[in-house]
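Trainee: structure for the following, please:
(one chain, ligands or ions: 5)
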Amino acid sequence: MKDEFAFIQSLLPKKQYHRSLIKGIGDDAALFHHGDEYDTVVCVDTLVENIHFKRCTMLPAHIGYKALAVNLSDIAAMGGIPNYYLVSIAVPKKGWKDCEVKEIYDGMNELAERFKVDLIGGDTVSSNQELVITVTAIGTVAKGRRLFRQNSKSGDVVFVTDFLGASAAGLSLLLEHGMNYPYAKEQRELIEQHQKPNPQIKAGLLLVNMGVRAALNDISDGIASEANELAEASGKTIVLDYGKIPKHPALGSFSNKEIEDFVLYGGEDFQLIGTANKKNWDQIQSAFHEANIKITEIGYVKNGEPKVYLLKNHSPFILDKRGYNHFRKNE
Ligand SMILES: Nc1ncnc2c1ncn2[C@@H]1O[C@H](COP(=O)(O)OP(=O)(O)OP(=O)(O)O)[C@@H](O)[C@H]1O
Ligand SMILES: Cc1ncc(C[n+]2csc(CCOP(=O)(O)O)c2C)c(N)n1
Ligand SMILES: [Mg+2]
Ligand SMILES: [Mg+2]
Ligand SMILES: [Mg+2]
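Mentor: Ligands and ions are numbered 1, 2, ... in the order given. Reported below is the predicted structural model:
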């Protein structure tokens, strides 16, 4: 296989059996009609040993925590509330103690308790080499209020939550020094963001509860990739200003080139990038301020080809859909 996204495009079904389906393949999660007040939202994501983590980058509890977090992040990107999750785990025949596998579940449980999500099932199998964990998350979103990637309109503000770049920087430290190294406080902050990302459920909900039109996507593959997904889904041009993108304050010891790579292409920050009507922007900012969630304007949407431009030192260049792509070489 050459390209993850081209493969997914080739899977789009030509027909649909159920009228209750609102959105299938193509967003962070699928959505279908459920009752009068809510729609159901469902997503699934997998972590694979030596692709998403190594034994030297994550403890078992981190693996569990992150496997659930990446799914709750997709629910957040739809403006949903997570309710349930299922876990499928393939455990290598050698190298994993029972208590370590249990710790994976302890890590999941820590996050599940925070967001009040119930473990309702799963599957347990063996594998020959590597550990694989797949989580399916199920939630609800207020009827008609979902935040699809295709919702961007010309004139919208582009925004991002919190800071970017921490996870990739944390990973680079872990790959260089491992977990048992006397890291400085700032370095530990970056590592924590990599091992235990915080799904922005509250941010998605704030937008939904305000009833504003917004497009939303969570940042798993890097902002360059996710901004392109918004542009493609909405058929609009997105212009981002590099100077306005909030870089994690603990990145200070890295070079400008490294910071740029982490922020634009690193991925796994699990922040939300979105667009919203300019006329609602003040209201959105106040609501986020009150909820103590950082949100930053980083660009705008305009009519044109579905592309992303990045303004750096006032000159624009095309920001390619580069970032993490399974099957492609990731620079
Ligand atoms: N193998 C597959 N079969 C069917 N649908 C798929 C498959 N892989 C991905 N999809 C669907 O394609 C869309 C995009 O998936 P993708 O995994 O890129 O999004 P994501 O989960 O938000 O990102 P990430 O996995 O990087 O966190 C989703 O609707 C997803 O359900
Ligand atoms: C050991 C190790 N090497 C590299 C990475 C980086 N990485 C792996 S998958 C991915 C994108 C998100 O995954 P997906 O698209 O499947 O959601 C990224 C940025 C890592 N986490 N651990
Ligand atoms: Mg996503
Ligand atoms: Mg996915
Ligand atoms: Mg991905």
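Trainee: quick check: residues of this structure near ligand 2?
Mentor: Within the chain, the residues that sit near ligand 2 (Cβ under 6 Å from any ligand atom) are 45, 51-54, 57, 70, 171, 220-221, 267-268, 324. To be clear about C-beta, it is placed using only N, CA and C from the backbone, and glycine gets the same treatment.
Trainee: of those residues, grab the buried ones for PyMOL.
Mentor: Buried subset of the residues of the chain next to ligand 2, written as a PyMOL selection, criterion 16 or more other Cβ atoms under 10 Å:
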select buried, resi 45+52+53+57+70+171+220+221+267+268+324
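Trainee: if we look at ligand 5, which of the residues of the chain next to ligand 2 are close to it?
Mentor: Restricting those to those near ligand 5 by Cβ under 5 Å from the ion leaves 220-221.
Trainee: out of the residues of the chain next to ligand 2, list just those in strands.
Mentor: The strands, defined by DSSP state E, take in Asp45 from the residues of the chain next to ligand 2.
Trainee: of the residues of the chain next to ligand 2, which pair is most distant in space?
Mentor: The largest separation in the residues of the chain next to ligand 2, counting by Cβ to Cβ, is between Lys54 and Asp221 at 19.1 Å.
Trainee: ok, Lys97 - how many residues close by?
Mentor: When neighbours are defined as other Cβ atoms under 10 Å, Lys97 has 9 of them.
Trainee: tell me the pLDDT of it.
Mentor: We have a pLDDT of 97 for Lys97.
Trainee: ok, it - contacts?
Mentor: For Lys97, no residue meets the contact criterion (Cβ atoms under 8 Å, 6 or more residues apart in numbering).
Trainee: and if you look at Lys278?
Mentor: By Cβ under 8 Å, 6+ apart, the contact set of Lys278 is 155-157, 300.
Trainee: can you rerun that using 10 Å?
Mentor: Neighbouring residues of Lys278 by Cβ atoms under 10 Å, 6 or more residues apart in numbering: 153, 155-157, 297, 300-301.
Trainee: what about the helix or strand hosting Lys202 and ligand 3, any contact?
Mentor: Using DSSP states H and E, Lys202 falls within helix 201-210. No - using Cβ under 5 Å from the ion, helix 201-210 stays clear of ligand 3, coming no nearer than 11.5 Å.
Trainee: residues of that helix that come out buried?
Mentor: For helix 201-210, burial by neighbour count (16+ other Cβ under 10 Å) applies to 201, 203-208.
Trainee: that one vs ligand 1: in contact?
Mentor: No - Helix 201-210 stays clear of ligand 1 (Cβ under 6 Å from any ligand atom), getting no nearer than 13.1 Å.
Trainee: for stretch 273-280, same thing?
Mentor: No - under the criterion of Cβ under 6 Å from any ligand atom, stretch 273-280 makes no contact with ligand 1; the nearest approach is 11.6 Å.
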